[in-house]
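Here you go, sequence then predicted model.
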Amino acid sequence: MTSVITIERHIIEQERRFPAATGALSNILYEIALAAKMIVREVNKAGLVDILGETGTTNVHGEAVRKLDLYAHDVIFKAVDHGGMLCCIASEEEEDVIQIPSQFPSGKYALLYDPLDGSSNIDVNVSIGTIFSIHRKISEQPRGCLEDCLQPGSRQVAAGYVVYGSSTMLVYTTGAGVHGFTLDPSIGEFLLSHEDIRIPTPPQRICSVNDGHYSRWSPGQRRLVDHMKGIDGANPAPFSSRYIGSLVADFHRTLLYGGIFMYPADSKSPQGKLRLLYEAAPLAFIAAQAGGRGSDGQQDILDIQPTSLHQRTPLYLGSREFVELAERFLAAEGEPEAVAQTS
Ligand code: AHM
Ligand code: MG
């Protein structure tokens, strides 16, 4: 029988590489994996809610029915709040930094997460996901504070996501490669299925962007997409277009096939839509660990010093050569002839 590697075993083996490790980071990762199993249980029931008549304010157990994204927020928070690993937590669902409840010990890491990204896709059975980012505590505050959360992505100690799709996968990095695990529902375990993921080279030529916003884009952004589609006559190998509209799912495909995911700035959203700390930075860390890159169009996402918790950023993510191509088009805003004719 081939040896099966559970996520627990993998995390322990990664931890052994650091003799001084206390196990706190490993514990956070285990707890997130456990929370993901609880979230997928509810996500899988989403389509049954109407049939079971649970769309009112209470379900069959007499419990209030909560939106799934708030449920996911709570499940993750309760999984990690008590173990003494974290000093504070930030979630896309909460305005401010959340303190660890006073009855529990404080720890040396800060966790930031988007509990259920793309949750508007639930009703139409499209993949959604959870994204997380972990930083080391840097403040002098005994129980952590905003400073611990507002760190550049390059200082992340771990990041990952869970995609709730045709199967459930958890993908994470602690800075030593990117590893993917698929949930085997029959035994309730995440098993190693994608070891040391690298974005393929050469990558598939896939462009993932909501081009319904074309009329609001900058000239450079329009020229980039025209180029990718072969409209400008300078690209003999046009890209395929794929856009799910669910960041984790679009990124997961980009990681496994190559290509570029973009959520640019536009005249309505000058900073784009996606959040630096909960979405862009963790996925850029994973992309970089897999040989790719994340950029805001001008600089590496991982170099951006955040100034607020829910800050947004334009995002270009995926195969290094395509992210760099995007940067060249955007830098040449006023002078298209300056852009190299890249295939
Ligand atoms: P959300 O955090 O409200 O779920 O929104 C984030 C989602 C991403 O998953 C996706 O990439 C993007 O919004 C899609 O936006 P749009 O519908 O504008 O293309
Ligand atoms: Mg989100």
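Perfect, I can see it now. Ligands and ions are numbered 1, 2, ... in the order given.

how about the strands in the stretch 201-343 of the chain?
Ranges of strands in the stretch 201-343 of the chain, per DSSP state E, counting those that start in this stretch, are 206-208, 240-241, 260-263, 293-295, 315-318.

Could you provide those in JSON lines, with additional columns for mean neighbour count, mean pLDDT and distance to residue 87?
For the C-beta atoms, the positions are set from N, CA and C on the backbone; glycine is no exception. What follows is the strands of the stretch 201-343 of the chain, written out as JSON lines (neighbours: other CB atoms under 10 Å; pLDDT from 0 to 100; distance: least, CB to CB, whole Å):
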{"stretch": "strand 206-208", "mean neighbour count": "23", "mean pLDDT": "98", "distance to residue 87": "36"}
{"stretch": "strand 240-241", "mean neighbour count": "14", "mean pLDDT": "98", "distance to residue 87": "43"}
{"stretch": "strand 260-263", "mean neighbour count": "26", "mean pLDDT": "98", "distance to residue 87": "31"}
{"stretch": "strand 293-295", "mean neighbour count": "26", "mean pLDDT": "98", "distance to residue 87": "26"}
{"stretch": "strand 315-318", "mean neighbour count": "30", "mean pLDDT": "98", "distance to residue 87": "28"}
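
Go through those and name the closest to ligand 1.
Closest to ligand 1 of the strands of the stretch 201-343 of the chain, according to CB to the nearest ligand atom: strand 260-263, at 5.9 Å.

how does the chain divide up, domain by domain?
The chain resolves into domains spanning 7-194, 206-341 when parsed by automatic domain parsing.

Could you pull up phi and psi at the residue of the stretch 51-200 of the chain found nearest ligand 2?
Closest approach of the stretch 51-200 of the chain to ligand 2 (CB to the ion) occurs at residue 117, with a separation of 3.7 Å. Main-chain torsions, residue 117, degrees, to the nearest 10: phi -80, psi 140.

Verify the stated contact: it with residue 246.
Yes: contact status for residue 117 versus residue 246: in contact at 7.0 Å, counting by CB atoms under 8 Å.

State the distance from the residue of the stretch 201-343 of the chain found nearest ligand 2 to residue 267.
Distances between the stretch 201-343 of the chain and ligand 2 by CB to the ion are smallest at residue 279, namely 5.5 Å. Between residue 279 and residue 267 the computed distance is 21 Å (CB to CB, to the nearest Å).

likewise residue 17?
Distance, residue 17 to residue 267, by CB to CB: 48 Å.

Make TSV from the strands of the stretch 201-343 of the chain and add distance to residue 130 to it.
Output for the strands of the stretch 201-343 of the chain, formatted as TSV (distance: least, CB to CB, whole Å):
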stretch	distance to residue 130
strand 206-208	20
strand 240-241	26
strand 260-263	17
strand 293-295	18
strand 315-318	17
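
export these to TSV and tack on distance to ligand 2?
Listed next are those as TSV, based on distance: least, CB to the ion, whole Å:
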stretch	distance to ligand 2
strand 206-208	16
strand 240-241	22
strand 260-263	11
strand 293-295	16
strand 315-318	12
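
Could you count how many residues lie near the residue nearest to residue 235 when sequence neighbours are not counted?
With sequence-adjacent residues excluded and distances taken as CB to CB, 6 or more residues apart in numbering, residue 235 is closest to residue 227, at 5.3 Å. Counted with other CB atoms under 10 Å, residues neighbouring residue 227 total 24.

ok so, going back, comparing residue 279 and residue 267, which residue is more hemmed in?
In this view residue 279 and residue 267 are compared by other CB under 10 Å, and residue 279 has more residues nearby, 27 against 10.

tell me the contacts of that one?
114, 117, 131, 247, 315 (CB atoms under 8 Å, 6 or more residues apart in numbering).

Tell me the one of the residues you listed nearest ligand 1?
residue 247 (3.4 Å).

how would you label residue 163: helix, strand or coil?
strand (DSSP: H, G, I helix; E, B strand; the rest coil).

If I follow the layout properly, it ends up in contact with residue 181?
No: using CB under 8 Å, residue 163 is not in contact with residue 181, being 11.1 Å away.

which neighbours do these two share?
169, 171.

can you pull out the helices in this structure?
7-15, 24-44, 68-80, 146-149, 219-229, 247-257, 281-289, 320-331 (DSSP state H).

in the longest one, what counts as buried?
Spelled out, that is helix 24-44. For helix 24-44, the neighbour count (16 or more other CB atoms under 10 Å) marks 24-40, 42-43 as buried.
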